[in-house]
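In: I'd like to go over a predicted model; first the sequence, then the structure.
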Amino acid sequence: MRSPEKILITGANGQIGTVLTQTLQARYGQDNVIASDIRAEETFSGQFERIDVLDVKRLEKVVVDRQITQIYHLAAILSAKGEKDPQWAWNLNMNGLFNVLDVGFRQQLRKIFFPSSIAVFGNFTPKINTSQSHFLDPNTVYGISKAAGEYWCNYYRNNYDLDVRSLRFPGIIGYQTLAGGGTTDYAVDIFHAAIQHGTYECFLKSDTRLPMMYMDDAIKCVYDMMDAPYEAITFHGAYNIGAINFTPSEIAAEIQKHLPNFTITYEPDFRQQIADTWPNSIDDSLAKKDWGWSPEYDLAKMTSEMLKQLNKKYNPKGNPRQS
Ligand SMILES: NC(=O)c1ccc[n+]([C@@H]2O[C@H](COP(=O)([O-])OP(=O)(O)OC[C@H]3O[C@@H](n4cnc5c(N)ncnc54)[C@H](O)[C@@H]3O)[C@@H](O)[C@H]2O)c1
């Protein structure tokens, strides 16, 4: 009989890992999900192992000892942080992935998840409805590492029959944690600032349109892709996935529907140059066709949910900020 799934998550203390760990625990049971991170302060209850993904011996020992069958490999340095120390980001993003792929192959894991990013696109990419098959021309060390990572995942699938699945996340927005050093972080920060201070200084220009996705949809698309039958995955690089796209002024206007006195100012920094090379919107027709991808949150629904959840966090006595 097939043994039950035992899942290891790397980078589990991060923005996506915190939520993905909880949903995987609910799905597979707490004993079957092992969260791991280089930082010891785990943010959830359940099984935790401290793992630096650059330490392949430790990674492999946990995989063997815990009888792991799948790895969700989230540990990485994101776009804005990576530009501050490109060699550090390259080393972690590439060698961390190699370690996961090699251990996955040696220990014959059933599946591996690797999140890529819209950062694989760059200056020569058409901005509107960016196609799945457009060549990759990343401008940041983060984007270069994700593009190379996509090619290596494809290589391990084709040459070693390792079932690695990947998709290109846009900016992810959730209320559970702050964002981890990316170019789309403003779209998380703005909600915290709106509720706490009633004002926000944005590091991108007012008309910078970027693809984004609410956290629930991000988790949903990971499940939809990972649950799909082996044969349904016809593309062995990373799938384009889209959900919503907006500018800072559009999200500010949406917040003002709930908090009429909210104000926003603009002070673009180095992240503007990164954002200027990224797509405005994404063509995700292949993900729709292959595994039925369909997002549930638009800008209005996401804004309303973010404000509701953060109001609970910052105003637990039920005194929502209205001005
Ligand atoms: N959040 C987004 O908007 C977004 C968009 C596109 C792709 N992604 C990808 O999704 C994944 C998760 O993103 P996130 O936003 O949760 O990132 P995050 O920065 O919030 O979390 C990354 C986690 O990795 C951990 N980490 C760092 N170095 C490590 C090491 N050597 N060993 C083990 N753990 C280490 C950090 O402690 C952190 O908890 C990343 O691969 C990222 O590239 C995220």
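Out: Good, I have the coordinates. Numbers count the residues shown, from 1 in each chain.
In: give the contact list for Ser145.
Out: Ser145 sits next to Ala76, Gly82, Ala89, Trp90, Asn93, Met94 when contact means C-beta atoms under 8 Å, 6 or more residues apart in numbering. C-beta: built from backbone N, CA, C; applies to glycine.
In: what pLDDT does Lys317 get?
Out: pLDDT for Lys317: 79.
In: To clarify, my last question referred to Thr43.
Out: Thr43 is assigned 67 on the pLDDT scale.
In: could you pull out the strands for the stretch 101-250 of the chain?
Out: 111-117, 164-169, 171-173, 199-202, 210-214, 239-240, 244-246 (DSSP state E, counting those that start in this stretch).
In: export those strands to TSV and tack on mean pLDDT, mean neighbour count and distance to the ligand?
Out: Formatted as TSV, the strands of the stretch 101-250 of the chain follow (pLDDT from 0 to 100; neighbours: other C-beta atoms under 10 Å; distance: least, C-beta to the nearest ligand atom, whole Å):
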stretch	mean pLDDT	mean neighbour count	distance to the ligand
strand 111-117	98	23	4
strand 164-169	98	25	3
strand 171-173	98	26	4
strand 199-202	98	18	16
strand 210-214	98	24	8
strand 239-240	98	26	12
strand 244-246	98	21	13
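In: Make JSON lines from those and add distance to Tyr72 to it.
Out: Shown next, in JSON lines, are the strands of the stretch 101-250 of the chain (distance: least, C-beta to C-beta, whole Å):
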{"stretch": "strand 111-117", "distance to Tyr72": "4"}
{"stretch": "strand 164-169", "distance to Tyr72": "10"}
{"stretch": "strand 171-173", "distance to Tyr72": "14"}
{"stretch": "strand 199-202", "distance to Tyr72": "31"}
{"stretch": "strand 210-214", "distance to Tyr72": "17"}
{"stretch": "strand 239-240", "distance to Tyr72": "16"}
{"stretch": "strand 244-246", "distance to Tyr72": "24"}
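In: Leaving out chain neighbours, which residue sits closest to the one residue in the chain that gets nearest to the ligand?
Out: Using C-beta to the nearest ligand atom, Gly14 is the residue of the chain that sits closest to the ligand, at 1.9 Å. Leaving aside its chain neighbours, Gly14 sits nearest to Gly180 (5.1 Å; criterion: C-beta to C-beta, 6 or more residues apart in numbering).
In: Surely the one you found is in contact with Gln15?
Out: Yes: with contacts counted by C-beta atoms under 8 Å, Gly180 reaches Gln15, the gap being 4.9 Å.
In: more neighbours, the two?
Out: A direct count of neighbours by other C-beta atoms under 10 Å for Gly180 and Gln15 places Gln15 higher, at 24 against 20.
In: what about that one, distance to Lys127?
Out: Distance from Gln15 to Lys127, counting by C-beta to C-beta, to the nearest Å: 25 Å.
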